[in-house]
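[1] just a sequence and a predicted model for now, questions to come.
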Amino acid sequence: MTVPLPTDLLGFIRAEIAMTDDPIEADSDLLLGGVVDSLGVVRITQWLEDRLGAPVPAGDITLENFRSVAAMTAYIERTGQPSTSA
């Protein structure tokens, strides 16, 4: 069974990226809230590329698209990336 992307991404951020022990939800502001730094964004981008099997164009790595897990999920849906890949 494939874990839904938002759940999987939240787990990855909580376990590997988060710079705080504060609760993180899908709509938590990861960047302005200090949960993720620029290196964390690079790691999340690589994780997404590995998970989806497709590159994330550098021009798409913006505050709007990467502010929260919900924003990342919306970006993936908007761009037509295959979000259910294992």
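    All right, it came through fine. Treat the numbers as computed from the prediction; the structure is a model and nothing was measured. Numbers count the residues shown, from 1 in each chain.
[2] same question for the biggest helix by length in the chain, mean pLDDT?
    The residue-count maximum for a helix in the chain (DSSP state H) belongs to helix 38-52. Regarding helix 38-52, the rounded mean pLDDT is 96.
[3] what is it packed up against?
    helix 5-12, helix 63-66, helix 69-79 (3 or more CB pairs under 8 Å, 6 or more residues apart in numbering; DSSP states H and E). For glycine as for every other residue, the C-beta is placed from the backbone atoms N, C-alpha and C.
[4] you'd agree residue 8 is up against residue 50?
    No. Using CB atoms under 8 Å as the test, residue 8 is too far from residue 50 to be in contact (11.3 Å).
[5] of those two, who's got more company?
    Neighbours were counted for residue 8 and for residue 50 using other CB atoms under 10 Å; residue 8 has more, 16 against 10.
[6] how near is that one to residue 24?
    13 Å (CB to CB, to the nearest Å).
[7] any shared contact partners between these two?
    Common contact partners of residue 8 and residue 24 (CB atoms under 8 Å, 6 or more residues apart in numbering): none.
[8] tell me the confidence at the closest residue in space to residue 79 that isn't next to it in sequence?
    What sits nearest to residue 79 in space, not counting adjacent residues and going by CB to CB, 6 or more residues apart in numbering, is residue 60, at 7.3 Å. The model reports residue 60 with a pLDDT of 96.
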